[in-house]
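Enquirer: Whatever this is, show me its structure:
(2 chains)
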Amino acid sequence: MKYRLNIACQTSALSGLRSFIQQALVGVAFNDNEKHQVTLAVEEVCANLIIHSHGCNPQESIQLEIIDSAEKLIFEISDQGKAFNILNYKSPDLKEVMLEKRKGGLGIILVKKIMDEIEFESENGTNTCRLIKWFQS
Amino acid sequence: MLRIEKTTENHSEILSLFGEVDASNSVILDEAIQELVDGGSKSILIDGKNLEYISSAGLGVFMSYLEDFQENGISMKICNLVPRVFEVFKILGLDQLIPIYRDRAAAFAD
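Expert: Numbers count the residues shown, from 1 in each chain, chains lettered A, B, ... in the order given. This is a model prediction of the structure:
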């Protein structure tokens, strides 16, 4: 099964994104906790792109595709903004976040802890971040 | 949607959160806490009974106050988190930095 959503680059689109993911995950073999966490991870990546790569410009958009295969769930997030390779980003230490009173950086820690695999590629002006969660056998 | 109710109980200012906190509305949470600090509050309890979702934007708000609160002797506790939201605090290790209690009574007793 495949699901596709176009997301306008504004933070008010995030609640619609969550509803869309929850709907797509209805028949998927994850428990509620896992569904909650993958939804959060996808939102974190999208929120980062909306805010940092697209400056919250609602004229721009990012694309989400959810691919539900037998053994894993793939969330493919594509955009045409400034490339942000999550794999090259060093997650800050929690204490660092606290001492520097940074309100950012936590999202990437969450994404890396929640997802089993993260892939990133940038080609012909399109950046694709793939978040993969395996079904437990 | 996020709604915050402010009440007082047991010499603590209580912020009850209703709905979802994400990057679109975390500033509301930030302002609510800042308002208590500006008003001289020394004991803040966040009640998450009706908090259905919180992203890093909301968690970052709590984090950003921790050091100041430590320096200024302000206590911030969280209680009543639903299990899936509590899990997110645990994934980040925030449960080691912010005292989290099962319910209000447990928070007041400590």
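Enquirer: and chain B, which residues reach chain A?
Expert: By C-beta under 8 Å from any C-beta of the partner chain, the residues of chain B that approach chain A are B:1, B:20, B:22-24, B:26, B:53, B:55-57, B:59-61, B:63-64, B:66-67, B:83-84, B:87-88, B:91-94, B:97. Using the backbone N, CA and C atoms, a C-beta is placed for each residue, glycine as well.
Enquirer: Just those: which are in helices?
Expert: Cross-referencing the residues of chain B next to chain A against helices under DSSP state H gives B:26, B:56-57, B:59-61, B:63-64, B:66-67, B:83-84, B:87-88, B:91-92.
Enquirer: Of these, just say which sits nearest to residue A:17.
Expert: Using C-beta to C-beta, residue B:57 is the member of those that sits closest to residue A:17, with 13.7 Å.
Enquirer: residues in chain A within reach of chain B, list them.
Expert: Counting by C-beta under 8 Å from any C-beta, chain A sits next to chain B at A:10-12, A:14-15, A:18, A:32-33, A:36-37, A:40, A:43-44, A:47, A:50-51, A:94, A:97-99, A:101-107, A:109-110, A:113-114.
Enquirer: make it 6 Å
Expert: Residues of chain A lying near chain B by C-beta under 6 Å from any C-beta of the partner chain: A:11-12, A:14, A:33, A:36, A:43-44, A:47, A:94, A:97-98, A:101, A:103, A:106-107, A:110, A:113.
Enquirer: For chain A, just list every one of the helices.
Expert: Going by DSSP H, chain A shows helices at A:14-24, A:32-48, A:94-99, A:106-114.
Enquirer: Let me know the average pLDDT across the third one.
Expert: Averaged across helix A:94-99, the pLDDT comes to 76.
Enquirer: related to what we said a few turns ago, most neighbours among the ones in helices among the residues of chain B next to chain A, which one is it?
Expert: residue B:56 (29 neighbours; other C-beta atoms under 10 Å in any protein chain shown).
Enquirer: My guess is that one contacts residue A:107. True?
Expert: Yes: counting by C-beta atoms under 6 Å, residue B:56 touches residue A:107, with 3.7 Å between them.
Enquirer: between the two, what contacts are shared?
Expert: In terms of C-beta atoms under 6 Å, 6 or more residues apart in numbering or on different chains, residue B:56 and residue A:107 are both contacted by the residues residue A:44.
Enquirer: ok, the residue nearest the centre of chain A - contacts?
Expert: Taking C-alpha atoms, centre = their mean, the centroid of chain A lies closest to residue A:42, which sits 2.6 Å from it. Residue A:42 makes contacts with A:21, A:75, as judged by C-beta under 6 Å, 6+ apart.
Enquirer: now with 7 Å?
Expert: A:21, A:64, A:75, A:77, A:131 (C-beta atoms under 7 Å, 6 or more residues apart in numbering or on different chains).
Enquirer: what do you get for residue A:97?
Expert: Applying C-beta under 7 Å, 6+ apart to residue A:97 gives the contacts A:105, A:106, B:63.
Enquirer: Go through chain B and flag its longest strand.
Expert: Counting by DSSP state E, the longest strand found in chain B is strand B:43-54.
Enquirer: quick one: strands adjacent to that one?
Expert: strand B:12-21 (parallel), strand B:75-79 (parallel) (DSSP bridges).
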